[in-house]
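[1] Quick one: sequence plus predicted model below, questions after.
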Amino acid sequence: MKRLLLLIFAIVSINFSYAQAAKHKAMFICNFTKEIEWPASEKTGDFVICIVNQNDVLNQVRTFTNGKMVGTCPISVVGVKSIDEISKCHILFLPFADSKADKLSTVIAKVGDSSSTLILSDRPGALKNGSCINFFLVDDKLKYEINKKAIDDRKLHVSTNLITHAASAE
């Protein structure tokens, strides 16, 4: 299993069709739980992954995390239909294809700008607006970029492996 995870991170560029995009985003989201460490105060109860208005990604994440744990915390995957429904979560995937999820500043205000929520997005320029990790496509390959400052501000520790394999959308 470890070899598979390393292979996934070593090959950041994943060829896929649009039908497979949700599966690959879900794989990345699940693997981020192993490459990022949350503060000790966040390591009790369920480890909550919130997915805003993306049932295809939501279902894939549920499939990949069924019965899994992050440390000693069971993983709970929550579907959120609007920003107003966002509650405490460890990972929040905010796809910007949905116009209702178009206000990153509103999301940051909702979760708190210093909370330990890892905010994921898939929109050009989202890192400049506070997203921690942003997905993007290059030649039909899914890649991700990292906002290390946003991650640090949220008191999260990211592995060097994750940083090393990040790409730049610019």
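    All right, it came through fine.

[2] So for the longest strand anywhere in the chain, what gets flagged as buried?
    Taking DSSP state E as the criterion, the chain has its longest strand at strand 73-80. Residues of strand 73-80 classed as buried: 73, 75, 77-80 (neighbour count, 16 or more other C-beta atoms under 10 Å). C-betas here are computed from N, CA, C, even on glycine.

[3] from these, which has minimum pLDDT?
    Of all those, Val80 has the smallest pLDDT value, namely 90.

[4] Does Cys132 touch Leu118 like I think?
    Yes: shown here, Cys132 and Leu118 form a contact pair, counting by C-beta atoms under 8 Å, at 5.1 Å.

[5] what do those two both touch?
    151, 154, 156 (C-beta atoms under 8 Å, 6 or more residues apart in numbering).

[6] want to throw the residues you listed into a markdown table with pLDDT and secondary structure?
    What follows is the shared contacts of Cys132 and Leu118, written out as a markdown table (pLDDT from 0 to 100; DSSP: H, G, I helix; E, B strand; the rest coil):
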| residue | pLDDT | secondary structure |
| --- | --- | --- |
| Ile151 | 95 | helix |
| Arg154 | 94 | coil |
| Leu156 | 96 | coil |
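
[7] which among the residues you listed gets closest to His90?
    Nearest to His90 out of the shared contacts of Cys132 and Leu118 is Leu156 (C-beta to C-beta; 9.3 Å).

[8] Once you drop chain neighbours, what's closest to the closest one?
    Ile36 (5.4 Å; C-beta to C-beta, 6 or more residues apart in numbering).

[9] Could you do Phe93 as well?
    In space, Phe93 is closest to Leu120, 4.5 Å off (C-beta to C-beta, 6+ apart).

[10] Do I have it right that the one you found meets Cys132?
    Yes: using C-beta under 8 Å, Leu120 is in contact with Cys132, at 6.8 Å.

[11] any idea where the helices of this protein begin and end?
    Assigned by DSSP state H, the chain shows helices spanning 2-10, 21-35, 55-65, 104-111, 148-153, 160-164.

[12] Just the buried residues of the fourth one, please?
    This points to helix 104-111. Applying 16+ other C-beta under 10 Å to helix 104-111 flags 104, 107-108, 110-111 as buried.

[13] now do the second one
    Of the residues in helix 21-35, those buried by neighbour count under the rule 16+ other C-beta under 10 Å are 21-33, 35.
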